[in-house]
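1. could you work out the structure for the sequence below:
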Amino acid sequence: MPVFASDLALPDPEEKGRIDRFTARTVPIATLMENAGRAVARAVKNFASPCRVLVLCGPGNNGGDGYVAARHLSEQGWPVSVAVLAEPSPGGDAALMAERLNVPRVPFSVEEAARADLVIDAVFGAGLNRDVVGKVADVLAAARRLVAIDVPTGLDGHTGQVRGFAPQAELTVTFFRPSPGHLLFPGRSLCGHLVVRDIGIKGEDAFEAVPVKTWLNWPGLWRLPILGPQSHKYTRGVVSLCAGESMPGAARLAAAGARTAGAGLVRISAEANAPALRLAVAPGLIVDGQPLEQLLTDVRRRVWICGPGLTVEEAAHALPILLSAGRQVVADAGALGLAAGVPEKLKGVSVITPHEGEFVALFGAVGEDAVAAVRAAAVMIDAVVVLKGATTVIAAPDGRVALNTHASVALGTAGSGDTLSGVIAALLAAGMPVWEAAAAGVWLHGEAGLRAGGWCLAEDLDRYLGDARGYATALQDENASRTLEWWPGCEMKFGRWLAEGRSLR
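-> Numbering: from 1, shown residues only. Below is the predicted model:
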């Protein structure tokens, strides 16, 4: 596991359960439950002014956390009552917490939920394996304001999908690390403001005992190459790309993305329209008019972009030549269209960057489990697959996955994906491993989008990629002292309120 990557791990509910059992060898579950409930109470106090609180408790450990939160809020003078869906198993840790509770009990009913100023949802956690319907759904739906413990009840912590019904939370408090379902839609929107609290689980020990393969995409998961005093354009890396005759603008965007992300030299293979393209590109670009086979005799040109601006016919010509020459290929757009329904045609490429429509054309429907679908696609073609979206999924053939939430909705504009191809290619040319280069490229692209503002064009991103790279380099080292209060998914999803300590009242 890379340096600091344990801070960024996203264990799924099954892995979290195994981590809890491992930790229980040295830290009793009752202690973890006490710490969790206290953390919830503290988060609620930071979130809201004192008001009438109803805690809805289920029969498991999630309900146990709710009992502890109710006790701590009551001890701080908040008017608290508890409604119990089902009593915890006698002799268990949740039962122990219920016994320590001295607050009024009220019926688990729609009327009580509607009467409360704030409802704390401690019914079921992220590991729920059945649909939420009937009375539970009705009671949760009646809440005017809701804080969820772990996840809103009904949200699948593995996939982010809703099992039957899940309420909209204003605040969700989870523990140790988030799960994938906190970051995947629709779960990401249903969680509201996400707070991650440390409850006494030692991350390095836990992940050595229970390895995970899913992480938040953030500097520290990967490390960008650093320029040295003897760096030059060839050590920084050469990026080459194939330009189409009818849509050369896409190649220009990809080339600009590669240059501003750090490539030492970018060359465009244009053949038929090389003279016209030479008049249109920036001065630092080289446009080659020789046949592709001739260009490949230069062994320094090992990284190529194939697809942006290419028709299917143009991609059908270029891609096999590049693959037969053993080059690293970032494939997008026309190259993906070439392989629609026949993804085996992409075997031999290093990275593909489809949006959802392209992914469906290649591999079929994403389905409810996006992470599993992208993992399977990566195995099928033996390449890194970047499924672009509101939460971008970056999967390697060995099963590693990074989830990227660090981006702007403004990136949903024509040409933005061409720029991304260029960024990833630049990092590959600099020598980064493929999965790390793809993950870092997605993050840098997202940071540039955030800096470019709300209505940026793809052409705007180039101006911000250099600063984005500098920021990422600084964060690689800053992660060493970051606490969980600064967990970056929270910061970037929900603004700076957590870091600043600003109340959301």
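2. how about Gly125, what does it touch?
-> Shown in contact with Gly125 (C-beta atoms under 8 Å, 6 or more residues apart in numbering): Pro13, Gly60, Asn61, Asn62, Ile149, Asp150, Val151, Gly157. Placement of C-beta: from N, CA and C, glycine included.
3. now do 6 Å
-> Counting by C-beta atoms under 6 Å, 6 or more residues apart in numbering, Gly125 makes contact with Asn62, Asp150.
4. helix, strand, or coil at it?
-> Following DSSP: H, G, I helix; E, B strand; the rest coil, we place Gly125 in the coil state.
5. do you know the pLDDT at it?
-> As predicted, Gly125 sits at a pLDDT of 95.
6. the one 4 residues further on too?
-> The predicted structure scores Asn129 at 88 on the pLDDT scale.
7. that one: how many residues sit nearby?
-> 9 (other C-beta atoms under 10 Å).
8. please work out how many residues are found near Ala126.
-> Around Ala126 sit 25 other residues, with neighbours defined as other C-beta under 10 Å.
9. now it: closest residue in space, sequence neighbours ignored.
-> Leaving aside its sequence neighbours, Ala126 sits nearest to Gly157 (C-beta to C-beta, 6 or more residues apart in numbering; 2.5 Å).
10. same question, Leu362
-> Using C-beta to C-beta, 6+ apart and skipping the chain neighbours, the partner closest in space to Leu362 is Pro343 (4.8 Å).
11. picking up where we left off before, need the contact list for the residue nearest to Ala126.
-> Contacts for Gly157 (C-beta under 6 Å, 6+ apart) come out as Pro13, Ala126, Val151, Ser179, Gly181.
12. all helices of the stretch 51-200 of the chain, in order?
-> Counting by DSSP state H, counting those that start in this stretch, one finds helices in the stretch 51-200 of the chain at the ranges 61-75, 93-99, 110-115, 134-141, 180-183, 187-190.
13. in CSV: those, plus mean neighbour count, distance to Gly470 and mean pLDDT.
-> CSV is the format used below for the helices of the stretch 51-200 of the chain (neighbours: other C-beta atoms under 10 Å; distance: least, C-beta to C-beta, whole Å; pLDDT from 0 to 100):
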stretch, mean neighbour count, distance to Gly470, mean pLDDT
helix 61-75, 25, 41, 98
helix 93-99, 19, 48, 98
helix 110-115, 16, 49, 98
helix 134-141, 17, 45, 98
helix 180-183, 27, 26, 97
helix 187-190, 20, 28, 97
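14. nearest to Leu265, out of these?
-> Checking the helices of the stretch 51-200 of the chain against Leu265 by C-beta to C-beta gives helix 180-183 as the closest, at 36.7 Å.
15. contacting residues for the residue minimising distance to the centre of the chain?
-> Most central in the chain under C-alpha atoms, centre = their mean is Leu403, positioned 2.4 Å from the mean C-alpha point. By C-beta under 6 Å, 6+ apart, Leu403 lies in contact with Leu183, Thr391.
16. in space, what's closest to Ile19 - neighbours in sequence excluded?
-> Nearest non-adjacent residue to Ile19, counting by C-beta to C-beta, 6+ apart: Ala206, 4.6 Å away.
17. Arg177 versus the residue nearest to Ala126, what's the distance?
-> Per C-beta to C-beta, to the nearest Å, Gly157 is found 11 Å from Arg177.
18. domain ranges for this structure?
-> The chain resolves into domains spanning 5-214, 233-487 when parsed by automatic domain parsing.
19. between the ones you listed, which gets nearest to Trp222?
-> domain 233-487 (3.9 Å).
20. how far does that closest one sit from the chain's center?
-> Chain-centre distance of domain 233-487: 18 Å, with C-alpha atoms, centre = their mean, to the nearest Å.
21. name the helix or strand of the chain that has the lowest mean pLDDT.
-> Using mean pLDDT, DSSP states H and E, helix 497-500 stands out as the lowest-scoring helix or strand of the chain, at a mean of 31.
22. just the strands in the stretch 301-450 of the chain please.
-> Taking DSSP state E, counting those that start in this stretch, the strands of the stretch 301-450 of the chain run over residues 303-306, 328-331, 351-352, 384-387, 392-395, 401-404.
23. contacts for the shortest one next, please.
-> Surrounding strand 351-352, the residues in contact under the criterion C-beta under 6 Å, 6+ apart are Val330, Ala331, Val384, Val385, Ile424, Ala438.
24. do the fifth one as well
-> By C-beta under 6 Å, 6+ apart, the list of residues contacting strand 392-395 from outside reads 370, 374-375, 378, 385-387, 401-402, 404, 438-439, 442.
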